[in-house]
Every structure is written in structure tokens, then in C-alpha cells.
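Student: coordinates only, sequence not included:
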Ligand code: SF4
């Protein structure tokens, strides 16, 4: 909506010269979470990378921390883990092999990495955050937001919230990790609006990527070991 005025002022053909073929104009990135300079950054589509957004514009991680993962386009888009490689072929045939920091900030490149540009509301997670607490926070949000009309979304969001909360409060079992995935798999694609995918995608993307950390979080609580406290800023 912010671009409509400029499309009308420039004319469509002229406006389309901004950005790259297939994704013209700019994107406004709303970066929140654990970076030095969170905020709104307007960037010409495809003309910068996640590395430039996170480390140059946003100033990188807080002192003494490292960025562990980002949720690129709002909490319902699939999580990206620092250190993973993204390989594939773009719609124009170009093959790519990127680290997270190399991913260009355009909708097609981000989609090709298995996630979405969404609202551009990038959430940055660093190594101080226990991933199960972050996931539990998201699950609680989506369980609160379901309207309840579709059974998979109504029940699935609540089950996901309860199971992840059970883990964070010390009652988790190792079988809860595949259980989370199983529940999410029964929600996605089975509802009448996109909230079903919003419920499922954080779990479907985070559980395979952070399975070992989730299991470690369960074991730590079973042994009564100290766990980090999730600090929201
Ligand atoms: S998928 Fe949409 S319509 Fe169905 S219960 Fe969830 S929020 Fe309601």
C-alpha cells in the first residue's frame, strides 16, 4: 500500500525499473529482535542480502552474541538457521548455493530457500535464546489467535501450544519432539484459511532444524539443570 502513491506518480513502466525482473519496487523490512539497530529499512528489491540487512544496516548481533536463526517474513514464515546451505534453481534457471547471509532480499530468492518474504517482519534470534522457548511463545500466540472454525487449526494449535509448554515447564518427553511435528503435519493444508499454515510452519521448519537442541532442552529439565530465561525485547 505504501507504494501505490509512487506507482501512480512514476507510472507502471517507470516504477518497474526499480528492483529486479519479477519483483519490482522496494520492500520495507521491519527487523525486530536481537540486533543492535532493529527498525524499518526500505531496500530496493533484490539489491541487498540478508547479510547486509542484518550485519550492516542493523549493526549485527548484540555484543558477545551470535545470530542463530531468523524468521524472515513474520512469525508464520519458515525459520532459517545460520550455518545451513540453501541450494536450488531460481525460476529464471539460475542455480544457487547460498549461506543465509547470501540470500538476496527479493521474493523469488527467499521463496526458493523454502520460506517467504511475507510481511518483511524479520525476527532475529541469537545464541542466548533457547529455541523451545521461542517456539512455545509462537505456539501460544497462534493458539490464542485461532477463530476455532476448523477442527485441525482449533485443536492443532492448542495441542502444539500445550506440548511445547509442557517441555518448557519441565514435563516434556523426548517423544514430544516428533509429536510436535506430527501435529503440525495434520494442520497444514487442512484448513479454510492460511492461519492453518501459520500454525504449522514454525513447527514444521524449526523441529527438523533444531531437533537436537529441543532434545537437549528436555534432558536438561529432566536432570534439573539450569536453563536460560527467554528475554523478550
Ligand atoms: S484456519 Fe482460519 S478459519 Fe480455520 S480455525 Fe484457523 S483461523 Fe479459523
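Tutor: Now that the structure is in, tell me what you want to look at. In this text the structure is predicted, and so the values were computed from the model without any measurement.
Student: ok, now how distant is the nearest residue to residue 57 once chain neighbours are set aside from residue 30?
Tutor: Leaving out its chain neighbours, the residue that sits closest to residue 57 by Cβ to Cβ, 6 or more residues apart in numbering is residue 41, at 5.1 Å. In short, each C-beta sits where N, CA and C put it, glycine included. To residue 30, residue 41 is 8 Å away according to Cβ to Cβ, to the nearest Å.
Student: Settle it for me: which of those two has more neighbours?
Tutor: residue 41 (20 against 16; other Cβ atoms under 10 Å).
Student: Find me the pLDDT at that one, would you?
Tutor: pLDDT for residue 41: 97.
Student: in the protein, which spans are helices?
Tutor: Applying DSSP state H to the chain gives helices spanning 4-10, 12-15, 50-51, 107-112, 131-145, 151-168, 176-185, 195-222.
Student: In terms of secondary structure, what does the second one contact?
Tutor: This points to helix 12-15. Judged by 3 or more Cβ pairs under 8 Å, 6 or more residues apart in numbering; DSSP states H and E, helix 12-15 is in contact with no other helix or strand.
Student: Show me what counts as buried in it.
Tutor: Buried residues in helix 12-15, counted by 16 or more other Cβ atoms under 10 Å: residue 15.
Student: For it, what is the distance to the chain centroid?
Tutor: Centroid separation for helix 12-15 versus its chain: 32 Å, with Cα atoms, centre = their mean, to the nearest Å.
Student: what does that helix contact?
Tutor: 3, 6, 7, 24, 25 (Cβ atoms under 8 Å, 6 or more residues apart in numbering).
Student: Take the helices of the chain and write them to JSON lines, including distance to the ligand and mean pLDDT.
Tutor: As requested, these are exported to JSON lines (distance: least, Cβ to the nearest ligand atom, whole Å; pLDDT from 0 to 100):
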{"stretch": "helix 4-10", "distance to the ligand": "28", "mean pLDDT": "93"}
{"stretch": "helix 12-15", "distance to the ligand": "34", "mean pLDDT": "92"}
{"stretch": "helix 50-51", "distance to the ligand": "30", "mean pLDDT": "98"}
{"stretch": "helix 107-112", "distance to the ligand": "22", "mean pLDDT": "96"}
{"stretch": "helix 131-145", "distance to the ligand": "7", "mean pLDDT": "96"}
{"stretch": "helix 151-168", "distance to the ligand": "3", "mean pLDDT": "97"}
{"stretch": "helix 176-185", "distance to the ligand": "13", "mean pLDDT": "98"}
{"stretch": "helix 195-222", "distance to the ligand": "3", "mean pLDDT": "96"}
